[in-house]
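[1] Please work out how this folds:
(chains A, B, C and D)
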Amino acid sequence: MEKRPSGDPSLCGQCHDEIAANFRKSLHYTTTGLKSGVSPRFSKEEAGTFAGKVFPKACNSCHASCGDCHLKSPAIGGVSAGLLQRHRFVKRDEGKTCALCHGGRVYPEFTGEYGGTPDVHYQKGMICLDCHSKSESHGDGSVQASRQERKERPSCAKCHPPGKETSEKAKSAHAVHGTKLSCSACHSAGPYRNCYDCHLGKGAEARPGFILGRNPRDPKTVTTLRVIPTVRDTFASAGIRMEKYDALPNYWGTAPHNIKKRTDRTRSCESCHEEKELFLRKEVLLPGGSKANEGLIAVPKSLK
Amino acid sequence: MEKRPSGDPSLCGQCHDEIAANFRKSLHYTTTGLKSGVSPRFSKEEAGTFAGKVFPKACNSCHASCGDCHLKSPAIGGVSAGLLQRHRFVKRDEGKTCALCHGGRVYPEFTGEYGGTPDVHYQKGMICLDCHSKSESHGDGSVQASRQERKERPSCAKCHPPGKETSEKAKSAHAVHGTKLSCSACHSAGPYRNCYDCHLGKGAEARPGFILGRNPRDPKTVTTLRVIPTVRDTFASAGIRMEKYDALPNYWGTAPHNIKKRTDRTRSCESCHEEKELFLRKEVLLPGGSKANEGLIAVPKSLK
Amino acid sequence: MKLWKRVLPILVLALALPAVSSALDLPKIVNTDWLEKNGADPAVRIVDIRKPEEFKAGHVPGAINVFYGAWAVKRNNLDNQLPEDEELLELVQDSGIEKTTAVVIVGKADTTTDQVNLTRVAWTLRYAGVAKVGVLDGGFNKWSADKKPMSTDAGKAAAAKGKTSPNRPYLAAKEDVLAKVGKATIVDTRMPDFFFGVSKLPFVARAGRIPQSVNLPSAWIFTKEGAFKPMEDLEAMAAGVVGKDKAAEVLVYCDTGRLASGWWFVLSEVLGYGNVRMYDGSSQEWAADAKAPMVKYTWK
Amino acid sequence: MKLWKRVLPILVLALALPAVSSALDLPKIVNTDWLEKNGADPAVRIVDIRKPEEFKAGHVPGAINVFYGAWAVKRNNLDNQLPEDEELLELVQDSGIEKTTAVVIVGKADTTTDQVNLTRVAWTLRYAGVAKVGVLDGGFNKWSADKKPMSTDAGKAAAAKGKTSPNRPYLAAKEDVLAKVGKATIVDTRMPDFFFGVSKLPFVARAGRIPQSVNLPSAWIFTKEGAFKPMEDLEAMAAGVVGKDKAAEVLVYCDTGRLASGWWFVLSEVLGYGNVRMYDGSSQEWAADAKAPMVKYTWK
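    So this is what the prediction gives:
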């Protein structure tokens, strides 16, 4: 029995030629994003080891086939939740497909199952593909090194353009912070998942957290940061010590999927400007973490 | 993957040549007993239909492979209890092997799980192969039409030779009944399983019962009889109407595997000679059953 | 004027009236026939609390989808809490529910948790000031088993014109319960092993129960298909444990304030006990307070 | 004569004595260390009640195998009944058990049924007149988990010289229980949903319990590994439900007279309640008698 008939998209491509061609170049298929994310930490020689030994066996073993989303739940750690609707092809069933691969972080944050409240969009009946376009799943035919490079990405402002605030408070808050803070910095409901201490093949440990700091990709803005679990010896067992480990930080900007209109931060200036525990500060930096982490510290001024 | 590597015994026979050669001729492998049991009911033409259409698909699909007893539990209705001891070969593990194929009738009678008490031999720690010799499992190289023809079969008298009774009551009871009754007629603990109304592919219905009557294979003796569920239209769906259905009875001598030293019958003469409910009588014969059933009626004389 | 010209309008009115009044006369336990007949009545709002992906796959026509997790949130480290009033009332309004709307709660009914999710949302809406709230008997499972019509539309509602206002007498705080030990009938709606103190959930600090409480598990309200048991059974259980005095002061609790909504609903809404409050903090809050008394290993 | 020649025999005697007396001083709840140390003592008889095929795969050295089903049989359409006296006493004798033998019962401990099979056989042996009966704590599961020695021998015993004689005060009949309603403490050892009357087994004619009985489930005696819970928990549960008067008359029952043996064992054998009988017929017999009173939907 052929276990993964659509592992190579050319089968489905006999009819769905354009989608299949795009999909071959998409990040879901190539999983290039995983490589791009970590590569700046490698010496040239290490990059070769990674590309040859680690990437195909670890990262790329997770790439999606057509059937992983349209026929059955994808297998995570070898375990799949089974067929979606007997042997029928299904257009979308995010709770059984997206949710399995993206089920450690975003999906349970989104539904509230990670603790806290469901994302306001989920409360209103929206699920993955209501914000994330089909071209994010299948690619658009162009090649990107990571999802950051994609043009068509979900954006709060697309549906909620600035200037439509109904309360004076919201108007002034947006006017003051609009260019300095991401939306999620204020409108995330609460703790989201952070993963620590990943060692190749052994997995990571997860704890809830809420961390505000500079976005490493756009240091002028402060946003919600998530710990990405690459530690100095993550790839030690593959003989990679990451000579340029400190080139990248351990915290990365993230959109926790637990958006809420009103939070402590939208209610009171003091929650940020006086009580500063939510912000990345020198004393809470990861012990033994990357030197690049320090550049993400941004503590708001006191109001007094 | 080869699903049943020992379905053909020649694989195991590369080392176990004698056992494999015997096994090929054994009733466990050929399942000839099933054919012999029912064939006298067929016309010549029907016998051909049965041999060609019914036997290979129905009866013979149950034949045992080497691995069914020595590696994993046999599959019953497609379901197997799995490997016996990981992937190791096992000499004997009756509760997981014999018990699955012989689990509708003898095994649960033997353990008491069918209701009543466990067989006295089970109580004393004996299991299948303590009475049933290896040559019953593997055959002895000779060919038999049914297990009745086997020479080496379990026998009460082998371990319990007559004449060793310790009580006067046992001595006189054995002296009076010894040639007229089977051991089980008196020493079966209680109701055993009887199956009714088998239709090809649809299975039968089972009810507990206790029936004493003439042994069709030895009409001089009275023994415990079990209903065998062949009814007039059992093979109707295969186009066989059993032209000679009445050639064989529906009751057959059986050894219920719930032997008990003391029973109502060993305790009191009245339990047979006055209260006659346990005996096959005209008024309890199966409605619509074989005409041969009447020949099995044998009601004991009253004592008065 | 012919007779029929004078009679017809009266007939039409007479025929039309029952439809309107039956919609307004919302049963507390709604059966699928009632809902099929009255679901489209503008006075009725069907709220499906399943996950959006389940809702999208098929729902009662006319239903809107507001996931359970929107009605019961984690607050102050306690699970299954009321949202803040401001948010709850906005959620009610956004769901197109006026004070007088007849709301029918629909959801799964596979497990006890599913079943009491329905009653917990009913309690939340009554707390929020909605006058008429019913629960679909057997939940969506029964709707589906009865082969009732299905819709896969988006299930959206226009916001209500006005906001409701909270109905606090349904809610008890820890202090209220502390003050009532030995005075009111405190009903522990968890399973008996929790009441007796041989089991507890990991997030509950201590095993046991509130002293002098009585045990009436919410799991026993429902049949194994997830429907409410026959009224005479529910009445007999209530009478046998809570007593027959319907004016008695009753406080219900469990581990997080979810299970307890089951007996709150049956006692207060179905059987007409007039003074039943739910302790939302329940054992999760109570057992964490070392000063709150607890007993175990007895039934009395 | 040198001193040591006179002292040595005394020393030998002194060293030898404790071994004999410790074997005779059988704990009611036997741990695996005790059994490893004393299992070979001729005064001890280890009875393994698992299925022969399980026994053959490995057992406590020295154990004999007498399957549970030999000790508790179906009689008069009732499950889990004592065999007839004649057969029971023969079984005890054939198992090499004298009146004074210290018997240790070993079996599986995976489920509540497994666990109370051990205590049911203990009750049966005490009924049969055996003076000293203990149960291996945690059963064979614990023996195996503790990596204690294993044997695969045939596990046979020579028959005992004498027969024991029945000890009827451990057994109650339906008439005894009927006469004691409201007088003795009747303990229902089933799960609370059976006691309360919301659940029943198919072969029990009516839901509910014997009037004025109290509930103490035998399932709560054991940890989830199948061992006895700590003594202070067992004592507190007994005191909380049965009371502290160890001379009080107690009757235990369940559905078939199997579960009930759990609290019979703990109350009578372990905690020293002096007057505890088990109703072997239990609900299976009681509920089938339309004249036997039953109540439900209350705790009192």
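
[2] separation between C:Thr100 and chain A?
    24 Å (CB to the nearest CB, to the nearest Å). C-betas here are computed from N, CA, C, even on glycine.

[3] what about that residue, neighbour count?
    12 (other CB atoms under 10 Å in any protein chain shown).

[4] Quick check: the residue of the stretch 201-304 of chain A nearest chain B.
    The stretch 201-304 of chain A approaches chain B most closely through A:Gly201 (24.7 Å), counting by CB to the nearest CB.

[5] List the contacts of C:Asp25.
    Counting by CB atoms under 8 Å, 6 or more residues apart in numbering or on different chains, C:Asp25 touches no other residue.

[6] could you list every residue that touches the residue of the stretch 151-300 of chain C found nearest chain B?
    Closest approach between the stretch 151-300 of chain C and chain B, counting by CB to the nearest CB: C:Lys224, at 25.6 Å. By CB under 8 Å, 6+ apart, the contact set of C:Lys224 is empty.

[7] which SSE is it in?
    Applying DSSP states H and E as the criterion places C:Lys224 outside every helix and strand.

[8] From chain D, how far off is it?
    Relative to chain D, C:Lys224 is positioned 10 Å away (criterion: CB to the nearest CB).

[9] returning to that earlier point: any idea which element the residue of the stretch 201-304 of chain A closest to chain B lies in?
    Following DSSP H and E, one finds A:Gly201 outside all helices and strands.

[10] What does it show for phi and psi?
    The phi and psi values for A:Gly201, taken as degrees, to the nearest 10, are phi 90, psi -10.

[11] Check the gap between it and B:Gly141 for me.
    When distance is defined by CB to CB, to the nearest Å, A:Gly201 is 55 Å away from B:Gly141.

[12] still on that earlier bit, and the residue of the stretch 151-300 of chain C closest to chain B, how far from C:Ala236?
    19 Å.

[13] Tell me where the chain has strands.
    Going with chain A. Secondary structure of chain A (DSSP state E): strands at A:192-199, A:203-209, A:211-215, A:218-227, A:251-253.

[14] You answered for a different chain; I wanted chain C.
    C:29-30, C:44-48, C:64-65, C:73-75, C:78-81, C:102-106, C:132-136, C:171-172, C:185-188, C:214-215, C:250-253, C:276-279.

[15] what ranges of chain A fall below the confidence cut-off?
    A:1, A:77-78 (pLDDT under 70).

[16] Please list the residues of it that sit near chain C.
    By CB under 8 Å from any CB of the partner chain, the residues of chain A that approach chain C are A:93-96, A:111-113, A:115-118, A:122-127, A:190, A:262.

[17] ok, how many other residues are close to the closest residue to C:Gln212 other than its chain neighbours?
    Spatial nearest neighbour of C:Gln212, excluding adjacent residues (CB to CB, 6 or more residues apart in numbering or on different chains): C:Gly182 at 5.1 Å. C:Gly182 has 8 neighbours, counted by other CB under 10 Å.

[18] re earlier: now the strands of chain A as JSON lines including distance to chain B and mean neighbour count?
    Shown next, in JSON lines, are the strands of chain A (distance: least, CB to the nearest CB, whole Å; neighbours: other CB atoms under 10 Å in any protein chain shown):
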{"stretch": "strand A:192-199", "distance to chain B": "30", "mean neighbour count": "18"}
{"stretch": "strand A:203-209", "distance to chain B": "27", "mean neighbour count": "14"}
{"stretch": "strand A:211-215", "distance to chain B": "47", "mean neighbour count": "22"}
{"stretch": "strand A:218-227", "distance to chain B": "41", "mean neighbour count": "20"}
{"stretch": "strand A:251-253", "distance to chain B": "44", "mean neighbour count": "22"}
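
[19] Looking at those, which is nearest to B:Leu84?
    Closest to B:Leu84 of these is strand A:203-209 (CB to CB; 33.7 Å).

[20] what's the closest one in contact with?
    Outside strand A:203-209, the residues touching it (CB under 8 Å, 6+ apart) are A:104, A:114-115, A:191-198, A:227, A:229.

[21] if I look at the closest residue to A:Lys261 other than its chain neighbours, how far off is A:Gln85?
    Spatial nearest neighbour of A:Lys261, excluding adjacent residues (CB to CB, 6+ apart): A:Val120 at 6.1 Å. From A:Val120 over to A:Gln85 the distance is 29 Å, taken as CB to CB.

[22] Work out which residue lies at the spatial centre of chain C.
    C:Thr119 (2.1 Å; CA atoms, centre = their mean).

[23] That one and C:Leu88: what is the separation?
    Separation of C:Thr119 from C:Leu88 (CB to CB): 17 Å.

[24] With A:Arg92 instead?
    Note on A:Arg92: its distance to C:Leu88, by CB to CB, is 31 Å.

[25] Of the two, which one has the most company?
    C:Leu88 (21 against 18).

[26] which residues sit in contact with the closest residue to the more buried one other than its chain neighbours?
    Of all residues not flanking C:Leu88 in the chain, C:Ala128 sits nearest, at 5.4 Å (CB to CB, 6+ apart). Contacts of C:Ala128 were listed using CB under 8 Å, 6+ apart, and they are C:88-89, C:92, C:164, C:166-167.

[27] before we move on, the earlier item: so what's the residue count around the residue of the stretch 201-304 of chain A closest to chain B?
    Using other CB under 10 Å, A:Gly201 is surrounded by 11 other residues.

[28] before we move on, back to that, who has more neighbours, A:Val120 and A:Gln85?
    The neighbour comparison of A:Val120 against A:Gln85 (other CB under 10 Å) goes to A:Val120, with 18 against 12.

[29] Does the more buried one touch A:Ile259 like I think?
    Yes: A:Val120 is within contact range of A:Ile259, at 5.3 Å (criterion: CB atoms under 8 Å).

[30] For burial, what's the neighbour tally of residue 138?
    Looking at chain A here, since you left the chain open. Neighbour tally, A:His138, other CB under 10 Å: 23.

[31] my bad, chain C
    Residues lying near C:Gly138 (other CB under 10 Å) number 24.

[32] That one contacts C:Gly226, correct?
    Yes: between C:Gly138 and C:Gly226 there is a contact at 5.4 Å, judged by CB under 8 Å.

[33] who touches both of those two?
    By CB under 8 Å, 6+ apart, the residues touching both C:Gly138 and C:Gly226 are C:Ala109.

[34] before we move on, back to that, and the pLDDT for the residue nearest to C:Gln212?
    Confidence at C:Gly182, expressed as pLDDT, is 96.

[35] Contact partners for C:Lys108?
    C:50, C:54, C:114, C:117, C:139-141, C:226.

[36] mind running it again at 7 Å?
    When the contact criterion is CB atoms under 7 Å, 6 or more residues apart in numbering or on different chains, the partners of C:Lys108 are C:50, C:114, C:139-141.

[37] re earlier: can you name the two of the contacts of strand A:203-209 that are farthest apart?
    A:Gly115 and A:Cys198 (22.1 Å).

[38] If you tally nearby residues, what's the number for the closest residue to the residue of the stretch 201-304 of chain A closest to chain B other than its chain neighbours?
    Nearest non-adjacent residue to A:Gly201, counting by CB to CB, 6+ apart: A:Ser237, 6.7 Å away. Counted with other CB under 10 Å, the neighbours of A:Ser237 add up to 12.

[39] Isn't A:Ser237 up against A:Leu200?
    Yes: the pair A:Ser237 and A:Leu200 passes the contact test of CB atoms under 7 Å, sitting 5.1 Å apart.

[40] where along the stretch 51-200 of chain C do the helices fall?
    In the stretch 51-200 of chain C, the helices defined using DSSP state H, counting those that start in this stretch lie at C:52-56, C:68-71, C:85-94, C:112-127, C:139-145, C:174-180, C:192-196.

[41] Would you write a PyMOL line that selects the buried entries of the residues of chain A next to chain C?
    A single PyMOL command is used to select the members of the residues of chain A next to chain C judged buried by 16 or more other CB atoms under 10 Å in any protein chain shown:
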select buried, chain A and resi 93+94+95+96+111+112+115+116+117+118+122+123+124+125+126+127+190+262
